[in-house]
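1. structure for the following, please:
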Amino acid sequence: MTAATTRNTDNGKELAKSTGQSGWPIIVTVVLALSASGWIYLGAMVAAMVPSMDMATAGPGMQVFNQFNLFNGLSAEARAALAVICLPAGATFGMPTPALNSLDVVKIFAMWAMMSTAMMLPGALPMFRAYQDSLVRLGYGRQSVARTGVASVFGYLTVWLGYAVVATFAQWILSKAGSLNDMMAPASMALTTSVLFAAGVYQFTPAKKACLQRCWYPRWVFSTGENPGFLAGYREGLVQGWACLGCCWAVMTVMFAVGLMNILWIALLGGVMALEKAFPSRIAPPAIGVFLVLWAVFLTIAIYA
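-> Predicted coordinates for the structure are as follows:
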């Protein structure tokens, strides 16, 4: 290799690096802005509930917020009576009413959409970065990389908005059946144990393993042609989002077991899914499955003990 060839190769690498750095901040900004909007919405829902609601009924761990309202130090019976007097169900920001009318269904979908955005987008950053790097290696310019990368974010999010539609319908059914209380937490231990057991078992299935492999080592389908463009990026996001859905839907559904407005578990499960997808491991997925199954078994034993 001649000195000129070496110099041109080095210049090409530097150009690719510069292109990647120019396109990547735009993609990161979009992801973080969307994720932040989800967390702000969920935070506003919790903040509206805290002053006058018994947060212990929102799921495990949420009783810590009672120190900021009237319910601190009261018995469960006193909290229940005071909750009825102080604030009717559905009277705070974003919370559906027991009537579950069309507006309530919209509120439920908005909650699931914001939850999906807050929990799933940050964990997909490694995938978006890998896609951006692949576009840079193919020699696409800064604007093309940024446009296509941002499109992949919206394609990925579309899949999870589809999940939000399904989750909204599931919540409506469970609420109508009396399986969820007014704070959108399980009204019976049967729902909790069933969800935990099903989610734990799914961790051992071939579908889980195949989708997780795709998350660990993404394969690009729409990265060819003179200019990948917005449509190609959007379709790529759909493909990767579908793999992510197959990997994470069961763990996401654990929210039905711990309370849908349990913001502590929203953060915890979001972190677990992000780590599971970001770091290839043969131990973590089955360990999560074992934990969920044992949790379900423990609760079942406690019921009949």
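
2. from here on, just use CA atoms for contacts and neighbour counts.
-> Will do.

3. which ones are touching residue 34?
-> 117, 118, 121 (CA atoms under 8 Å, 6 or more residues apart in numbering).

4. just the C-alphas of stretch 54-74, formatted as CSV.
-> Extracted in CSV, the C-alpha atoms of stretch 54-74 (Å, rounded to 0.1, in the frame of the first residue of the first chain):
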residue,chain,number,x,y,z
ASP,A,54,-53.3,6.4,49.5
MET,A,55,-50.2,5.6,47.4
ALA,A,56,-49.9,2.2,49.0
THR,A,57,-52.8,1.0,46.9
ALA,A,58,-50.8,1.8,43.7
GLY,A,59,-48.5,-1.2,44.3
PRO,A,60,-45.5,-2.5,46.2
GLY,A,61,-43.1,0.2,47.3
MET,A,62,-45.4,3.1,46.5
GLN,A,63,-46.3,3.6,50.2
VAL,A,64,-43.1,5.6,50.5
PHE,A,65,-45.0,8.5,48.8
ASN,A,66,-47.5,8.6,51.7
GLN,A,67,-45.1,10.6,53.8
PHE,A,68,-45.9,13.5,51.5
ASN,A,69,-49.7,13.4,52.1
LEU,A,70,-52.4,12.9,54.7
PHE,A,71,-52.1,9.2,54.9
ASN,A,72,-48.7,8.9,56.7
GLY,A,73,-48.9,6.7,59.8
LEU,A,74,-52.6,5.8,59.4
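
5. what residues of that stretch count as buried?
-> Neighbour-count burial for stretch 54-74, with 16 or more other CA atoms under 10 Å as criterion, is recorded at 54-60, 62-63, 65-66, 70-71.

6. helix or strand right after the helix or strand of the chain with the lowest mean pLDDT?
-> One helix or strand of the chain scores below all others by mean pLDDT, DSSP states H and E: helix 76-86, with a mean of 64. Tracing the chain past helix 76-86, the next element assigned as helix or strand by DSSP states H and E is helix 102-120.

7. I'd like the mean pLDDT over whichever helix or strand comes after that following helix, please.
-> Using DSSP H and E, the next helix or strand after helix 102-120 towards the C-terminus is helix 125-137. When pLDDT is averaged over helix 125-137, the result is 90.

8. which one of the buried residues of stretch 54-74 is nearest to residue 112?
-> Closest approach between these and residue 112, by CA to CA: residue 58, at 15.7 Å.

9. ok, the closest one touching residue 264?
-> No: the criterion here is CA atoms under 8 Å, and residue 58 misses it with residue 264 at 10.5 Å.

10. and for residue 205, the neighbour number?
-> Residue 205: 11 surrounding residues under other CA atoms under 10 Å.

11. correction: residue 301
-> So residue 301, with other CA under 10 Å, has 10 neighbours.

12. contacts only, for it.
-> Shown in contact with residue 301 (CA under 8 Å, 6+ apart): no residues.

13. hmm, residue 266 and residue 255 touching each other?
-> Yes: applying CA under 8 Å as the test, residue 255 and residue 266 come out as touching, 7.3 Å apart.

14. for the residue nearest the centre of the chain, what are its contacts?
-> The structure's the chain has its C-alpha centroid closest to residue 119; by CA atoms, centre = their mean the separation is 2.9 Å. Shown in contact with residue 119 (CA under 8 Å, 6+ apart): 35, 266, 267, 269, 270, 271.
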